[in-house]
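A.B. asks: predicted model follows, preceded by the sequence.
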Amino acid sequence: MQVSNNTEFPVTKADDEWRAALTPEQYHVLRGHGTERPHSSPLNAEHRPGSFACAGCGHVLFEAETKFESGCGWPSFFRPLADSVEESADRSFGMTRTEVHCAQCGGHLGHVFEDGPAPTGLRYCMNGVALTFEPGT
């Protein structure tokens, strides 16, 4: 399943523009609904203050203080910023999960599960390759 050039999102590009703007791995995850290998992202070890944004369009998605160590192998957060992500049903691989994508460009980020910490009880399990990190002060 691949995200198309969907005019419902504020940021749209033709497929060849996405391919030119993203690395092959970013394209595979963000536009092709792929998954990076667990424990492969340098963002797993990122603990500085700052924010995490969509690698496709730069839209800020999560603040660093919402990141936690889940042990799942991917950067995990307990709450996105308001209106930064959207969710949809993902019925691939014979199961139903909740997919998380960027509200600005529709890029696939990962999935959300109901096994996270307080205060939300949610675990936004994101592909690190789909994110960028901007250090804060």
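C.D. replies: Yep, that arrived. All values derive from a computational prediction rather than experimental measurement. Numbering: from 1, shown residues only.
A.B. asks: how many other residues sit next to the residue nearest to Leu131 when sequence neighbours are not counted?
C.D. replies: Of all residues beyond its chain neighbours, the one nearest Leu131 is Phe52 (4.7 Å), with distances taken as Cβ to Cβ, 6 or more residues apart in numbering. Heads up, the C-betas are built off the backbone N, CA and C, glycines and all. By the measure other Cβ atoms under 10 Å, the count of residues near Phe52 is 27.
A.B. asks: give the contact list for Phe52.
C.D. replies: 43, 60-64, 67, 75, 77, 126, 131-134 (Cβ atoms under 8 Å, 6 or more residues apart in numbering).
A.B. asks: from these, which land in strands?
C.D. replies: Secondary structure from DSSP state E places Val60, Leu61, Phe62, Glu63, Lys67, Phe77, Met126, Leu131, Thr132, Phe133, Glu134 of the contacts of Phe52 in strands.
A.B. asks: the fifth one - nearest residue in space that isn't next to it in sequence?
C.D. replies: Nearest in space to Lys67, with sequence neighbours left out and distances taken as Cβ to Cβ, 6+ apart, is Phe77 at 5.3 Å.
A.B. asks: which residues touch the one you found?
C.D. replies: Neighbouring residues of Phe77 by Cβ under 8 Å, 6+ apart: Phe52, Phe62, Thr66, Lys67, Phe68, Arg123, Tyr124, Met126.
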